[in-house]
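>>> Need a 3D model of the following:
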Amino acid sequence: MRSSGAVNINSETKTRERRRKTMAQPWKKKTCYWMKAMLLALWFSGIHVLADAAAAVSKQQNQLRFSKEGQFKILQVADMHFGDGKSTPCLDVLPNQMRGCSDLNTSAFIHRMIQAEKPHLIVFTGDNIFGFDATDAVASLNAAFAPALSSNIPWAAVLGNHDQESTLSREGVMKYIVGMKHSLSQLNPPGVNIIDGFGNYNLEVSGVEGSSLHNKSVLNLYFLDSGDYSTVPSIFGYGWIKPSQQFWFQRTSKKLRRAYMSNPEGQKSAAPGLAYFHIPLPEYASFDSSNFTGVKQEGISSASVNSGFFTTMVEAGDVKAAFTGHDHVNDFCGELLGIHLCYAGGFGYHAYGKAGWARRARVVLATLEEREKGGWGEVKSIKTWKRLDDKHLTVIDAQVLWSKTSAGSRRKKKIGGI
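Numbers count the residues shown, from 1 in each chain. Have a look, this model is predicted:
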């Protein structure tokens, strides 16, 4: 979440947001002592790796898979800003909506969206709780994610810039989310010891059970921690996706590409991917009303430096769309160099918004191609739309983000030199 008006946050919030929070061992001359130390280090390292691997296996038991109808649907919830529940008032709603309006309106909206869309996965893209107004982080997290838990639908989350401002550290919040019922979230990639942030991981969505691709990940989901605020004194403003995270993303993308294109059932190109994180990239500022779908009603509050993650995604070639929150009254999708950059629009009622402009959520639907001889193949298309929290949960701004046919025609043009 950001406050209205680019990075110019109101003075009270600005004051709050300023609060941020190897030694070498002497060489031992005795060879036997050194060898014992090395063996102990290797043993503990092995335990650490095994623990990470066990956690990853546990998460994979709740495997994501396309439905028998050849579809996989994702509900994105951005910026819930959950506080203390019923006692936390709504912000920026019409006067006739104020009475009795609270965090419970946010919970009710999630329930309605789940019932209407019946998603296969729910993704929360940060600022899940608003730390300054959450008396107890654990209680607020439990209440914020309660609709997802009660639905028995798998869900995943990343952190925003406000989740850690209550009674848990940033790492503590992510660890708690990882342990919650039906959560597929991970603290960080198993076996990766050096990476910035908390909540960098990927999820694989397998083909339809019994199809030729049921053991292949036909859709890849990347989740990254875009940070909270800059920790570099000479750089102001919000955080960004660091080189260590980009290195992990590149390696993971290459690994998934190799697996998808290898036998058995090796495919000709990489499976499509989607990326989810909180703070928008500087490239979100590349659009105007002539080349996006949706609305832009405030500035793009990205980091004040460009860490190059957009270029990294373009180079990898598999990500077809990235989804963020942070700027609550922007909800557009625009395409740049083959990647759609999309906002979800503000969801939570304790988040700033615009009176009379309905809270909203984004839905993404991936559909597989139906083969001539029967059965399901690769992803054929990825579509998106938004729903408003009004009487009818009105659907708006439906669009195609990617299709296999259009991607194939673009490749032919490049090969032909046109």
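>>> tell me the mean pLDDT over the helix or strand hosting K254?
According to DSSP states H and E, K254 maps onto helix 243-261. Averaged across helix 243-261, pLDDT comes to 98.
>>> Let me know the next secondary structure element after that helix.
strand 273-276.
>>> for this structure, what spans make up the helices?
11-17, 31-60, 95-98, 103-117, 137-151, 170-178, 243-261, 309-316, 404-416 (DSSP state H).
>>> In the helix holding K254, which residues are buried?
Buried residues in helix 243-261, defined by neighbour count with 16 or more other C-beta atoms under 10 Å: Q245, Q246, W248, F249, T252, S253, L256, R257, A259, Y260. C-beta here means a position set from N, CA and C on the backbone, and glycine is covered the same way.
>>> same question, stretch 63-75
Result for stretch 63-75 [16+ other C-beta under 10 Å]: buried residues L64, R65, F66, G70, F72, K73, I74, L75.
>>> Among these, which pair sits farthest apart?
The span of the buried residues of stretch 63-75, defined through C-beta to C-beta, is set by G70 and L75 at 18.6 Å.
>>> Quick check: pLDDT value at the nearest residue to S206 once chain neighbours are set aside.
Distances taken as C-beta to C-beta, 6 or more residues apart in numbering place R65 nearest to S206, at 4.6 Å, with adjacent residues excluded. pLDDT, R65: 98.
>>> who touches R65 in this structure?
Residues in contact with R65 (C-beta atoms under 8 Å, 6 or more residues apart in numbering) are F72, V205, S206, G207, V208, E209, H214.
>>> Please apply the same query to P272.
P272 neighbours (C-beta under 8 Å, 6+ apart): L219, N220, D318, V319, K320, A366, V379, I382, W402.
>>> The same query, at a cut-off of 6 Å, please.
Applying C-beta atoms under 6 Å, 6 or more residues apart in numbering to P272 gives the contacts K320, V379.
>>> In this structure V364 contacts I74, no?
Yes - under the criterion of C-beta atoms under 6 Å, V364 makes contact with I74 at 4.5 Å.
>>> contacting residues around T293?
C333, D397, Q399.
>>> can you redo those as CSV with distance to S166?
Formatted as CSV, the contacts of T293 follow (distance: C-beta to C-beta, whole Å):
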residue, distance to S166
C333, 32
D397, 34
Q399, 37
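>>> which of those tops the neighbour count?
Highest neighbour count within the contacts of T293, by other C-beta atoms under 10 Å: C333, with 22 neighbours.
>>> Test of understanding: give the bridge partners of the residue nearest to that residue when sequence neighbours are not counted.
Distances taken as C-beta to C-beta, 6+ apart put C342 closest to C333, at 4.0 Å, once the chain neighbours are dropped. For C342, the beta-bridge partners under DSSP bridges are F323, C333.
>>> Pairing partners for the closest residue to D288 other than its chain neighbours in the sheet, please.
Nearest residue to D288 in three dimensions, chain neighbours excluded: K296, at 7.5 Å (C-beta to C-beta, 6+ apart). Taking DSSP bridges, one finds N330 as the beta-bridge partners of K296.
>>> residues near K296, how many?
Quick note: K296 (other C-beta under 10 Å) scores 19 neighbours.
>>> who's Y201 bridged to?
F223.
>>> Can you give me the separation between it and L388?
31 Å (C-beta to C-beta, to the nearest Å).
>>> Of the two, which one has the most company?
Remark: of Y201 and L388, Y201 carries more neighbours, 24 against 18, as counted by other C-beta under 10 Å.
>>> how about low-confidence regions in this structure?
1-62, 408-418 (pLDDT under 70).
>>> which strand is the longest one in it?
Secondary structure of the chain read by DSSP state E shows that its longest strand is strand 376-388.
>>> what inclination does that one have with respect to helix 243-261?
Compare the direction of strand 376-388 with that of helix 243-261 by axes from the mean of the first three to the mean of the last three C-alpha atoms, to 10 degrees and you get 140 degrees.
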